[in-house]
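Asker: Whatever this is, show me its structure:
(one chain, ligands or ions: 1)
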Amino acid sequence: ADLRVAVLGVGLMGADHVARLHRRVSGARVAAVSDAATDRADQVAAEVPGCRVVPDPLAAVADPEIDAVVVASPGRFHEEQVLACIDRGIPVLCEKPLTLEAASSLAVVRAEDAYAARTGGRLVQVGFMRRFDPEYAQLRELIASGGIGEPLVVHCAHRNPAVPPGVTTESVVNDSVVHEVDVARFLLGEEIAAVTVLRPRSTRHAAEELSDPLLVLLETTGGRVVDVEVFVSTGLAYEVRTEVVGEDGSAMIGIPQGLVRQSAGPGGAVRGTTVPAGFRERFATAYDLELQRWVDAARRGTVDGPGAWDGYAAQAVCAAGVEALLCGRRTEVRMEQR
Ligand code: ISE
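Answerer: Numbers count the residues shown, from 1 in each chain. Presented below is the predicted three-dimensional model:
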């Protein structure tokens with residue numbers, strides 16, 4: 001039978017996941033949605049035959065007619081919602097962040113470990129969708145196969161055209177750089193040991209108080225270095241590029257290809273292609289694959305994507321990142337041994 005999924009939080013990402021589960025993912029159906037904005041929940045549920053609105057998210061988790069949960073609520077609610085899923089022993093896909101602090105993410109790791117010790121199964125997947133992007137997956141395979149030799153340095157650019165009002169420099173570390181933190185761990189297969197954050201001159205397009213762009217340096221336990229230019233008010237488009245430099249070659253992903261057009265431009269013909277407008281466009285395939293793989297694994301009683309430990313490690317690195325941002329110095333990551 002189809003997996004009956006409750007989606008908690010139907011803002012931008014949650015509503016997207018509802019549509020994706022309804023239209024493109026097989027083996028699951030959206031049986032319930034929950035959102036503090038009830039009119040929004042009603043609107044989203046109306047698009048999906050048989051979908052109920054359950055105002056209390058924890059009641060949705062407890063509902064015996066729900067088999068699995070997608071958590072897309074604001075980050076401050078993740079901890080209790082994910083822990084409730086573990087308590088009930090049902091699979092949960094949690095958008096990042098897993099929780100707001102490293103300590104509470106570690107509590108989730110421990111709770112899931114206890115469940116795994118009893119049952120042998122896993123329950124928690126964290127929404128690091130880039131791992132499912134075909135380009136990132138290929139890059140990882142290339143590195144793992146030795147195709148560019150020992151990886152030494154990774155250069156990343158992560159640019160957003162704009163961010164919603166209220167975004168702070170700290171939240172850019174937590175919400176944007178967190179993706180490069182996970183990508184670095186995914187590609188290199190080791191933990192991040194230290195973080196340094198530089199604040200170059202800010203763009204005039206940045207909201208007041210926002211340091212934008214930032215340059216973030218991640219040092220891994222194996223002595224590799226990852227540099228991240230994160231720039232959230234470019235006013236242009238969505239660009240995510242990652243280049244890995246190895247001992248025997250280098251490889252880059254994130255160069256928009258697709259249709260290349262030549263047409264009249266100022267001062268002569270220009271040749272070019274379109275850059276995606278936002279992360280939902282750039283990572284559309286990644287999100288589809290993420291959800292399909294989550295559903296397939298959940299139906300087998302397991303998780304095969306990034307798990308609670310990955311969520312915890314990312315939080316621990318981001319906590320060091322925020323500290324590094326505030327103190328202006330290299331900051332070591334404090335985290336448990338796996
Ligand atoms: C947002 O929260 C995301 O997760 C996007 O992937 C990222 O590009 C963006 O910078 C974040 O604000």
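Asker: In three-state terms, how would Glu290 be classified?
Answerer: helix (DSSP: H, G, I helix; E, B strand; the rest coil).
Asker: Just give the number of residues close to it.
Answerer: Applying other C-beta atoms under 10 Å, we find 25 other residues in the vicinity of Glu290. All C-beta spots, glycine's among them, are computed from the backbone N, C-alpha and C.
Asker: close enough to count as contact, it and Met129?
Answerer: Yes. The criterion here is C-beta atoms under 8 Å, and Glu290 meets it with Met129 at 4.7 Å.
Asker: any idea how far the residue in the stretch 201-338 of the chain that the ligand sits nearest to is from Asn160?
Answerer: Nearest to the ligand, among the residues of the stretch 201-338 of the chain, is Phe279, at 3.9 Å (C-beta to the nearest ligand atom). For Phe279, the distance to Asn160 (C-beta to C-beta, to the nearest Å) stands at 8 Å.
Asker: Up against the ligand, what does the chain have?
Answerer: Residues of the chain found near the ligand (C-beta under 6 Å from any ligand atom) are Asn160, Val163, Asp175, Ser176, His179, Val232, Phe279.
Asker: Pick out the most distant pair among those residues.
Answerer: Using C-beta to C-beta, the residues of the chain next to the ligand reach their maximum pairwise distance at Val163 and His179, which is 13.9 Å.
Asker: Show me which of these two is the more surrounded one.
Answerer: Remark: of Val163 and His179, His179 carries more neighbours, 21 against 18, as counted by other C-beta under 10 Å.
Asker: which strands and helices sit next to the host helix or strand of that one?
Answerer: Using DSSP states H and E, His179 sits in helix 178-188. Helix 178-188 is packed against helix 134-144, strand 151-159, strand 192-198, strand 214-220, strand 225-231, strand 239-246, helix 308-327, with contacts defined by 3 or more C-beta pairs under 8 Å, 6 or more residues apart in numbering; DSSP states H and E.
Asker: want to throw those into JSON lines with mean pLDDT?
Answerer: Shown next, in JSON lines, are those (pLDDT from 0 to 100):
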{"stretch": "helix 134-144", "mean pLDDT": "98"}
{"stretch": "strand 151-159", "mean pLDDT": "98"}
{"stretch": "strand 192-198", "mean pLDDT": "98"}
{"stretch": "strand 214-220", "mean pLDDT": "98"}
{"stretch": "strand 225-231", "mean pLDDT": "99"}
{"stretch": "strand 239-246", "mean pLDDT": "98"}
{"stretch": "helix 308-327", "mean pLDDT": "98"}
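Asker: Name the nearest residue to the residue in the chain positioned nearest to the ligand, ignoring sequence neighbours.
Answerer: Nearest residue of the chain to the ligand, counting by C-beta to the nearest ligand atom: Ser176, 3.4 Å away. Nearest residue to Ser176, sequence neighbours excluded (C-beta to C-beta, 6 or more residues apart in numbering): Val230, at 5.2 Å.
Asker: what sits opposite the one you found in the beta ladder?
Answerer: His158, Leu214 (DSSP bridges).
Asker: Count the residues that sit near it.
Answerer: 22.
Asker: Can you give me the distance of it to His158?
Answerer: Distance from Val230 to His158, by C-beta to C-beta: 5 Å.
Asker: Quickly list what's touching both of those two.
Answerer: In terms of C-beta atoms under 8 Å, 6 or more residues apart in numbering, Val230 and His158 are both contacted by the residues Ser176, Val177, Glu180.
Asker: Report how many residues lie close to the last one.
Answerer: Spelled out, it's Glu180. Neighbour tally, Glu180, other C-beta under 10 Å: 26.
Asker: give me every residue that touches it.
Answerer: Contacts of Glu180 by C-beta under 8 Å, 6+ apart are Cys156, His158, Val216, Leu218, Val226, Val228, Val230, Thr242.
Asker: what about Val25, which SS state?
Answerer: Applying three-state DSSP: Val25 is coil.
Asker: Could you break the chain into its assigned domains?
Answerer: 3-127+285-306, 130-277+315-332 (automatic domain parsing).
Asker: Right, I'll leave it there.
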